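S.K.: sequence plus predicted model, see below.
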Amino acid sequence: MIARKPRVAVPAGATDTHMHLYHAEVPPAAGGPPLPGDYRAEQYREVQQRLGLSRVIIVQPNAYQDDNRVTLGAISALGPGAKGVGVVQPGVSDADIAWLTEGGIIAQRIFQLPWGAVGFDRMHEVMTRVHPFGWHANIQLDGRELPQWEDTIKKLPGRFVIDHVGKYLEPVTPEHESFKSLLRLLDTGRCWVKLSAPYETSKDTSKTGAPKYDDVSRLARALVKHAPDRMLWASNWPHPSAPRDSIPDDADLIDLLLDWAPDEATRRKILVDNATELYNFR
């Protein structure tokens, strides 16, 4: 079956702000999960072209912990429209941060879930190191824990991004205190949220699941209404947490924007303008 193109009109300059790459010959690092397979830049380029995307943020996968080789190679392979989210430890040298920055790394991944290389226990220490080089924090956690971490996150220097519609690992409503916490983070003006990977929560929690993901979609619509200038879109290709026999169609995922952001001007913000500002694309 030939993979279809999206129904939504994808404007020039559209950015996928979260995807991963894996090379089978590069083994997973100690502390990381197994590789989900062999997924390379040339395979992703086919997805990128099918969806009509121009730019991409490659996120360091947990499998490689703080070994950024594959991510750096992919940034180079995918060219000027590619940048990356890397992982370093607090003891990293200025020379290594400068080298990673030169290679296209613009953010530090903070993963407050199993398999994470750097969590909240070392977040402020590592961000103190990389913030002077222009990096921001890219955070993934169970969104239900946001109230207990809200003040900690607000103390970060500079900007920060929350992954996957907040990644609420049990369903919440827009009235839930943990969702209000996310809205307050957005109100700082320093927070962006990725509208991505609804299946990561719906696979365990949604009563409806694909293709509408009603529980996650309710939150996504509320986020877009609250802060359209701080929303980003991402594919999460190659969907490492999804069962290999039920990987979502990336066209279906980007078409969710027709529901989440019904007007074209807002979709342009989400796909182009907001990413241009955050990631400093020229």
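M.R.: Received it, and whenever you're ready, just let me know what you need.
S.K.: quick one: terminal-to-terminal distance for stretch 168-179?
M.R.: End-to-end distance for stretch 168-179: 9 Å, by CA to CA, to the nearest Å.
S.K.: same check, this time on stretch 14-23
M.R.: Chord length of stretch 14-23, first to last residue, is 26 Å (CA to CA).
S.K.: quick one: it to chain centroid distance?
M.R.: Relative to its chain's centre, stretch 14-23 lies at 8 Å (CA atoms, centre = their mean, to the nearest Å).
S.K.: likewise stretch 10-17?
M.R.: 14 Å.
S.K.: quick check: buried residues in that stretch?
M.R.: The neighbour-count check on stretch 10-17 (16 or more other CB atoms under 10 Å) flags Val10, Gly13, Ala14, Thr15, Asp16, Thr17 as buried. C-beta here means a position set from N, CA and C on the backbone, and glycine is covered the same way.
S.K.: now the residues you listed as JSON lines including secondary structure?
M.R.: Listed next are the buried residues of stretch 10-17 as JSON lines, based on DSSP: H, G, I helix; E, B strand; the rest coil:
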{"residue": "Val10", "secondary structure": "coil"}
{"residue": "Gly13", "secondary structure": "coil"}
{"residue": "Ala14", "secondary structure": "coil"}
{"residue": "Thr15", "secondary structure": "strand"}
{"residue": "Asp16", "secondary structure": "strand"}
{"residue": "Thr17", "secondary structure": "strand"}
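S.K.: now distance to Trp237 and pLDDT too, for the residues you listed, in a markdown table please.
M.R.: What follows is these, written out as a markdown table (distance: CB to CB, whole Å; pLDDT from 0 to 100):
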| residue | distance to Trp237 | pLDDT |
| --- | --- | --- |
| Val10 | 15 | 97 |
| Gly13 | 19 | 98 |
| Ala14 | 14 | 99 |
| Thr15 | 13 | 99 |
| Asp16 | 7 | 99 |
| Thr17 | 12 | 99 |
